[in-house]
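Undergrad: I'd like to go over a predicted model; first the sequence, then the structure.
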Amino acid sequence: MEERRHFFRLPARLVVRYAIANSSASHTSVTLNTSGGGIGFFTESLLAPGTRLHVTVDFPERKQPVAFTAAVIWSGKLLLDRHDERPRAYETGVRFLEIAPKDQAFLMQYSTSTALPKP
């Protein structure tokens, strides 16, 4: 299978808030990873590919969260979930549709500098 990612993904546990576009319901969760092209995070329900989301991610280094509009690329059951119960969480990957250039630059720098070993 060919790898289609263009950005390094950094495992990260950050607070994320998301809402489906044109919905007033907001949800709070935790990221799985971040990159310069999108993020992975836990969701409460299975989301169809192409679903548009409004997302904010809190970074300890910043006063303002990174905000963006994204499209769901994939969504599936949490891999550690037991098969005999209804899943309690899903893993979802999104790509950026609209993000301020300075926020995308921050994410790219965060993903690479945080992943590099400190000298």
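TA: Structure received.
Undergrad: now the residue nearest the centre of the chain: how far from Pro11?
TA: The centroid of the chain falls nearest to Ile39 when counting by CA atoms, centre = their mean (2.8 Å). Using CB to CB, to the nearest Å, Ile39 is found at 11 Å from Pro11. In short, each C-beta sits where N, CA and C put it, glycine included.
Undergrad: bridged to Phe42, which residues?
TA: Glu91 (DSSP bridges).
Undergrad: isn't it right up against His27?
TA: No: if you go by CB atoms under 8 Å, Phe42 and His27 don't touch, sitting 9.6 Å apart.
Undergrad: one step back: give me the common contacts of Ile39 and Pro11.
TA: When CB atoms under 8 Å, 6 or more residues apart in numbering defines a contact, the residues bordering Ile39 and Pro11 alike are Leu32, Asn33.
Undergrad: nearest residue to the residue nearest to the centre of the chain in space, ignoring adjacent ones along the chain?
TA: In space, Ile39 comes closest to Thr31 once its chain neighbours are excluded; the distance is 5.5 Å by CB to CB, 6 or more residues apart in numbering.
Undergrad: and the pLDDT for the one you found?
TA: Predicted confidence (pLDDT) at Thr31: the value is 94.
Undergrad: OK, contacts around it?
TA: Taking CB under 8 Å, 6+ apart as the contact definition, Thr31 lies against Ala12, Arg13, Leu14, Val15, Val16, Ile39, Gly40, Phe41, Val57.
Undergrad: thanks a lot, see you next time.
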